[in-house]
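Asker: Any chance you could fold what I've pasted below:
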Amino acid sequence: MTYNFEKSNISEIFRMLESRNELDLTKNIDNILANVYGLIQLFLGDELTVQERQAWFYIAKIFPKPSTGIELARQIGSSETSKTIYKSIENLKKKRLIVVNQLHPRVFSIQANEKHPLTNLLIDFGNYYDKQI
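Answerer: Have a look, this model is predicted:
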């Protein structure tokens, strides 16, 4: 049996693993492993701060709904008036992990960037485990 993993679809991979089907991952195994390894590096490495990881995870978890800066700060336990939350948002935006839309000079909408392969993988992981709970 051959599977095509053109798009990250974690729930399908887990379903196949749970049903113990034989997998032929030879086509895109390097791409799949690189994405999973990249995701692990972002969570365990020094590239993102703890607050940036929390923000990115929360934004990916609520995808496709957007969040505001104030809502995000409240959800991750940060001060709404602190500059660190806004620095974290700016850093995630620079890395293209999130998309920020300015709605008003002081209000902006934050959403996960589903076009980024690691964010897409994180969204898929979140969707899979939300269904399992």
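Asker: which ones are touching Trp56?
Answerer: Leu42, Leu48, Leu92, Leu97, Ile98, Ala112, Thr119, Leu122 (CB atoms under 8 Å, 6 or more residues apart in numbering). In this view, the C-beta of every residue, glycine as well, is placed from N, C-alpha and C.
Asker: among these, which are in strands?
Answerer: Those of the contacts of Trp56 mapping onto strands are Ile98, Ala112, per DSSP state E.
Asker: Reformat the contacts of Trp56 as JSON lines; add distance to Arg106, pLDDT and neighbour count.
Answerer: Formatted as JSON lines, the contacts of Trp56 follow (distance: CB to CB, whole Å; pLDDT from 0 to 100; neighbours: other CB atoms under 10 Å):
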{"residue": "Leu42", "distance to Arg106": "29", "pLDDT": "78", "neighbour count": "18"}
{"residue": "Leu48", "distance to Arg106": "25", "pLDDT": "87", "neighbour count": "20"}
{"residue": "Leu92", "distance to Arg106": "19", "pLDDT": "94", "neighbour count": "24"}
{"residue": "Leu97", "distance to Arg106": "23", "pLDDT": "92", "neighbour count": "21"}
{"residue": "Ile98", "distance to Arg106": "18", "pLDDT": "94", "neighbour count": "26"}
{"residue": "Ala112", "distance to Arg106": "22", "pLDDT": "94", "neighbour count": "27"}
{"residue": "Thr119", "distance to Arg106": "26", "pLDDT": "88", "neighbour count": "26"}
{"residue": "Leu122", "distance to Arg106": "28", "pLDDT": "87", "neighbour count": "25"}
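Asker: State the pair within the contacts of Trp56 that is farthest apart.
Answerer: Spanning the widest gap among these are Leu48 and Ala112, at 14.4 Å by CB to CB.
Asker: What's the local residue count around Lys77?
Answerer: Careful, residue 77 is Gly; it's not Lys. As a burial measure, Gly77 scores 8 neighbours (other CB atoms under 10 Å).
Asker: Chain neighbours aside, what residue packs nearest to it?
Answerer: Counting by CB to CB, 6 or more residues apart in numbering, the nearest residue to Gly77 once its immediate chain neighbours are dropped is Gln54, at 7.9 Å.
Asker: All set now, cheers.
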